[in-house]
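K.L.:
give me a model of this one.
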Amino acid sequence: MENVKLIQELILISIKKKELMKNILDITKRQQKFIELNKIETVIKQINLKDTYIKEIDELDLNFYAKFDKLKSNLKIDSIDKINVEMYPQVKNLKKIVGEIMELTKEIKVIDDQNISKLSKDKNDLGQRLKGVRQGKKVTGAYGAYKKQVKSMFFDKKK
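P.N.:
Residues are numbered from 1 along each chain as shown. Have a look, this model is predicted:
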């Protein structure tokens, strides 16, 4: 009976994690739109919000692994795949939810990779523009130095 309770707790933890992962996916999609609109401050706010959810997920993961280790110890197994599904039919639901979490994770990673790539490209473009501005300042600065050296002189052509 203790094992059934552990499996139920694992399912509940996984459901919470799945909801948090959906929130992260939504935030990641919003980040993509804000990056396209060059609203970097908003992107940073989204990243901070995502970090909050990630911390919650980390806590759930610690709780999950502690319970899962206890279940593995009780059943004397080393993998979820070795749990007798006929004896513990709830494991099917647990596997399904864990699979959905894995799919969400993959989807988040794809969008995050695109976002990082776009930000890197934007950073390089901005770097090139700044380089041009710096060169323009050097040219302007050089002209200013020349202007200071040359004084206005009148030449008297009459002798």
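
K.L.:
could you use CA atoms for every contact and neighbour count after this?
P.N.:
Will do.

K.L.:
what about the spatially most central residue of the chain, distance to residue 43?
P.N.:
What sits nearest the mean C-alpha location of the chain, by C-alpha atoms, centre = their mean, is residue 112, with 5.5 Å. According to C-alpha to C-alpha, to the nearest Å, residue 112 and residue 43 sit 12 Å apart.

K.L.:
got the phi/psi numbers for residue 77?
P.N.:
phi -130, psi 170 (degrees, to the nearest 10).

K.L.:
ok, it - how many residues close by?
P.N.:
13 (other C-alpha atoms under 10 Å).

K.L.:
what's the closest non-adjacent residue to it?
P.N.:
Nearest residue to residue 77, sequence neighbours excluded (C-alpha to C-alpha, 6 or more residues apart in numbering): residue 83, at 7.3 Å.

K.L.:
OK, contacts around the one you found?
P.N.:
Going by C-alpha atoms under 8 Å, 6 or more residues apart in numbering, residue 83 touches 75, 77, 91.

K.L.:
ok, now how distant is the second one from residue 84?
P.N.:
Note on residue 77: its distance to residue 84, by C-alpha to C-alpha, is 10 Å.
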